[in-house]
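Trainee: below is the sequence, then the predicted model.
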Amino acid sequence: MHIDIKAASLQQKRQAYKHLAKRFGEDRPASRYEEGTLDLAPETNFHYRPLWDTDHELYDQSRSRITMKDWYALRDPRQFYYANYNITRAGQIESVEHNFDMVEKRGMLSAIPAEWVEEISFYLLPLRHYEWGANMNNCQITALGHGAALTSPTCFAMGDRLGIAQLIGRIGLAIASNNETALNAAKDAWINHPDWQGVRKMVEDSLVIEDPMELFVAQNLAFDGIVYPLVYGVFSRESDRRGGAAISFLCSFMNEWFEETGKWVDAVIKIAAAENDENKALLKSWFTAWESRAVAAFKPLSVAVLGAEAGAQAIADVAATLKARAAKLGIA
Amino acid sequence: MSNVSITLYNNDESRGLIAAILKDNPASTTMRMPGVVKIDCPNKITILRETVEHELGRPWDVQQLHMSLVSLSGMVDEDDDYFTIAWNH
Amino acid sequence: MPVQALKPGYKGEVKDALANFHGNQLVYLHWADHLIMAFPIALPLPPTTPFRALITDIAPNAFAMHPDFEKIDWSTVTWQLDRKPFTPDLDKTLAENGIGHKSALVFTAPGLMGLAGASA
Amino acid sequence: MSVTAPKKLSLKERYRILTRGLDWTTTYQEPAKVFPHAEFEGIKIRDWDGFVDPFRLTMDSYWKYQAEKERKLYAVLDSFQQNNGQTAITDGRYVNVLKIFLTAITPGEYQAHRGFAMLGRQVPNVGLRIAAQMQSLDELRHAQTQIHSCSHYNKYFDGLHSFSYQHDRVWYLSVVKSFFDDARTSGPFEFLIAIGFSFEYVLTNLLFVPFMSGAAYNGDLSTVTFGFSAQSDESRHMTLGLEAIKFVLEQHEDNAAIVQKWIDKWFWRGYRILAILAMMMDYMLPKRIMPWKDAWEIYFNEAGGALFADLARYGIKMPSTADVANKEAFRLSTETMLTFYQMGHASGFHSWLPSEDELKWLADAYGPEWERLYLPRFKYFRELEAKGEHYYNPSLPQLCQVCQIPMFFTEPDDPTKICFRDTVYNGDRYHFCSDGCQHIFENEPEKYVQAWLPVHQVMQGNCGGATIDDVRKYWAVEDGEDNYDYVGSPDETMWKGWQADRLKVGS
């Protein structure tokens, strides 16, 4: 019935919300990413100072030393808004489920040599606590970062890191026939094993970083830029060689995720660095400091898994790749 | 004793769920509004996976309730085989 | 009772301090039993405003829509200042009448009970 | 390590292992530095592990169910746009409820998103943090789906174009903004009780269920779909709010007094916001679903009554001001509507007088006292309109210092007298619309003296200038388009054009 109205009288009065028309011109319809993200966070006329932070307004650019003329320049190249984010992840998780099913049906885990299962439990399972730290850090940026262009994807990253932590947890359950033993041992290693203490200290130190952009660089570029290529790249290849290909298979989401998420992390840092020289210098100093922490922290693990020489080489290679990546972003 | 309540979409997916609730909670009453059905019951509503599966004629995971649920009032308990809403007074 | 804040000395800006009104003070004005004008009104006025100006200048603009307005006998009108009975000196200023920043004045015109006698 | 036949894990066990096991007690950094907000509010927690997870969603299930909800929702939105669903609503007037929704509620969803992120980081219990994080994601969903649902309406109707910009500036939107600013600037437990308990559990059923049912009744498939879809998340949120309050109350008997103070405060602040919802339900839906007072009876007195009976064992009582809300139930929507009607020149949406049929519906719903008090006002406004003299109040309203609503509320026991309350703090006088708002101020005066009261800001010259034109520009309210009466508006002209074309096609 309603579609009978002739087209002439259904002339649109405007193509987009005005804040988007102001950015892109009156005649351009906006994407759902743009509608759901740009200029979304409150900017002015706040009522009360936070009881937990009298020195700042509720939303306050000065929580970071990074300055931006427009915080909405920090766009997400994936153009994630809630719906396409969840739909993307749900699709990926369906593959993960298939992988778990296949590994279970074919008894692939019982085919892994026992000593390598021990090794996997030692290097992989404690990382769920690392992911939990990453979850908290992205949550913190979501709470205190400036502009929805930055804080919406950090919220998605927060969810991702919980998801990855739980995926590692599921691997821990799977290799122990659904007993908690392997996960409990991994937690003990995280708390007590000397090889893990550099990582745990680094993570705990990151939990008290105050500047949301420093936290972004530390967690999402410096830490992840070492952990992911090392563990899900180098260690996985080692796992394949030693009969643990099933584990690499179960971790394929992590590689896929790191590649996708890295594009967003790079975009944010590249734009912030290009904004002004002060930003560039700050980002560089944060990156340098936290990257060297991450390299030092993961070296004992690399050595433990790969041996002294190969372990040192692997961490050096991963660090070199990360530095090259930072150079491309203008902060090396 | 007070009523607990659950509000569900009024659509085909929820139909089996609503039928199961009414079967397992004979004291319940329903209020229909455009788009939704509100079910009230003194003190407790129990949703049993088995009954829902029987009504739907297919397997049903308790967490699929999230796809039909619009609102509820009462304390929730959820496990593999049941979902309950209850008051403790 | 003080607020409980993370650090001692919690303090924020008093946004409506007198000094922020460029020489004006705020006065609120309401005509009782005439609620068709739905709310008391806010007025920024110099403290030197003669009280009489409320009757001669401000009230007509704010309240003349009401059919009762022209029936008001101002000589019988009673006033409240911040919820207490108050007798203004019409020839003195707001300040001289003791009307401070953000004081609320309510006046009642005896015998006028609004539309249909329903305080409307 | 040998791999044997896997043991079966129940939903509860699996969830516990995959979530509770994630946390550890930090030793390189003091826990008090990692969770600095945990204690300053004075809430005493003996055992953080005592928190019971309300729903046991792992992230993979969350993605799965939420993706399914989103696929369904966006399929409806796409179809709505392609089929020009905006032409199938009951009346063009209806869109004004969406204008209020998008400018008032949607930015509130965004604030809740950020606030739950804060909670999701700051509370030293992993289960509570995860539930808060999922709620943070959900609230972002609600903000975005509402923007997407209204996007198509914005292409045709006025008043939707600048929602987030206006939320920071326009006078009546300051009511909602101050509510969320208040909650967000509080500590974690107060935030949880403000939003998770008082707002979500006690009040938002009113917002979403009968109101969204009203959207369905008025042919707005777009809104009803996002509304119910959002509410399905809310049931998770409400359960979080309830578990959280039980947790806090069970941890230490000293907590009850603090919690009761917060319940009283946040019930009242939330209820005051619902005044605009009452107006939307009783005056703005072309086809009505139920009067405000019935919705209040079902969703507050019945559901809330059961809830507070359940909390009685902790010594928690009904909010102290609930009886005032009940006394106001028959007049809340009308007092609010009469204010917006005369502030139409300064609003971003249209208002209008109810028709004779609608007045009869209201009189039937609200009874003889309502007729005696309010029919004369409607009658007089109608007479003025007939003479071409629509009444727009030439003055700016006095606002309540706490809820920031114009002081139009009447005495609880005398609907013919404006309810004035005031107090002097640090030499300045502050005014309130109610005992509820006055008590909130007196509990934390240092906080509420900071309120950004829109009328006062206009008078300080901070809103674009001294004339109404200047201020409307500052608000991004397009004069002659967004504001004034629906009758004679561009929206009405467009709507009538669609109807005329439809008749032509039909004949």
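Mentor: It's in. Residues are numbered from 1 along each chain as shown, chains lettered A, B, ... in the order given.

Trainee: distance of the closest residue to chain B within the stretch 101-250 of chain A from D:I17?
Mentor: Distance from chain B to each residue of the stretch 101-250 of chain A (CB to the nearest CB) is smallest for A:N178, at 14.4 Å. Backbone N, C-alpha and C define where each C-beta goes, glycine included. When distances are taken as CB to CB, to the nearest Å, A:N178 and D:I17 turn out to be 9 Å apart.

Trainee: give me the more crowded residue out of the two.
Mentor: Remark: of A:N178 and D:I17, D:I17 carries more neighbours, 21 against 18, as counted by other CB atoms under 10 Å in any protein chain shown.

Trainee: what about the residue of the stretch 101-250 of chain A closest to chain B, which SS state?
Mentor: coil (DSSP: H, G, I helix; E, B strand; the rest coil).

Trainee: so it touches A:G172, yeah?
Mentor: No. With contacts defined as CB atoms under 8 Å, A:N178 does not count as touching A:G172, sitting 9.9 Å away.

Trainee: now do the shared contacts for these two.
Mentor: Any residue near both A:N178 and A:G172 by CB atoms under 8 Å, 6 or more residues apart in numbering or on different chains counts here, and not one turns up.

Trainee: chain D contacts on chain B?
Mentor: B:2-5, B:7, B:9, B:33-36, B:38, B:62-64, B:66-76, B:78-80, B:87-89 (CB under 8 Å from any CB of the partner chain).

Trainee: using PyMOL, define a selection of the buried residues within those.
Mentor: Here the buried members of the residues of chain B next to chain D are turned into a PyMOL selection, burial being counted by 16 or more other CB atoms under 10 Å in any protein chain shown:
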select buried, chain B and resi 2+3+4+5+7+9+33+34+35+36+38+62+63+64+66+67+68+69+70+71+72+73+74+75+76+78+87
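
Trainee: which of the residues of chain B next to chain D come close to chain A?
Mentor: Answer for the residues of chain B next to chain D near chain A: none qualify (CB under 8 Å from any CB).

Trainee: return the subset of the residues of chain B next to chain D lying in helices.
Mentor: Judged by DSSP state H, helices contain none of these.

Trainee: which residues touch residue 48?
Mentor: As the question left the chain open, I've gone with chain A. When the contact criterion is CB under 8 Å, 6+ apart, the partners of A:Y48 are A:58, C:12, D:178, D:181-182, D:185, D:447-448, D:450-451.

Trainee: my bad, the chain I had in mind was chain B
Mentor: The contact partners of B:L48, by CB under 8 Å, 6+ apart, come to B:20, B:24, B:81-82.

Trainee: what about the nearest residue to D:I17 once chain neighbours are set aside, neighbour count?
Mentor: Ranked by CB to CB, 6 or more residues apart in numbering or on different chains and with sequence neighbours excluded, the top spatial neighbour of D:I17 is A:E180, at 5.6 Å. Each residue near A:E180 was counted by other CB under 10 Å, and the total is 17.

Trainee: pLDDT score assigned to A:E180?
Mentor: In the predicted model, A:E180 carries a pLDDT score of 95.

Trainee: ok, it to A:V103 distance?
Mentor: Computed with CB to CB, the distance linking A:E180 and A:V103 is 19 Å.

Trainee: name the nearest residue to the closest residue to chain D within chain B, sequence neighbours excluded.
Mentor: Sorted by distance to chain D under CB to the nearest CB, the residues of chain B start with B:S2, at 3.2 Å. Closest residue to B:S2 in three dimensions, ignoring its sequence neighbours and counting by CB to CB, 6+ apart: D:A306, at 3.2 Å.

Trainee: any weak-confidence spans in chain A?
Mentor: Judged against pLDDT under 70, the low-scoring parts of chain A cover residues A:1-9.

Trainee: chain B contacts on that one?
Mentor: Proximity of chain A to chain B (CB under 8 Å from any CB) involves no residue at all.

Trainee: contact residues of chain C facing chain A?
Mentor: Counting by CB under 8 Å from any CB, the residues of chain C near chain A are C:3-7, C:9-12.

Trainee: again, only this time at 7 Å
Mentor: C:3, C:5-7, C:10-12 (CB under 7 Å from any CB of the partner chain).

Trainee: hey, where'd the strands end up in chain C?
Mentor: The residue ranges that make up the strands of chain C, judged by DSSP state E, are C:25-31, C:41-45, C:78-81, C:84-86, C:103-108.

Trainee: dump those strands to JSON lines, plus mean neighbour count and distance to chain D.
Mentor: Putting the strands of chain C into JSON lines (neighbours: other CB atoms under 10 Å in any protein chain shown; distance: least, CB to the nearest CB, whole Å) gives the following:
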{"stretch": "strand C:25-31", "mean neighbour count": "23", "distance to chain D": "4"}
{"stretch": "strand C:41-45", "mean neighbour count": "21", "distance to chain D": "4"}
{"stretch": "strand C:78-81", "mean neighbour count": "16", "distance to chain D": "9"}
{"stretch": "strand C:84-86", "mean neighbour count": "11", "distance to chain D": "11"}
{"stretch": "strand C:103-108", "mean neighbour count": "20", "distance to chain D": "6"}
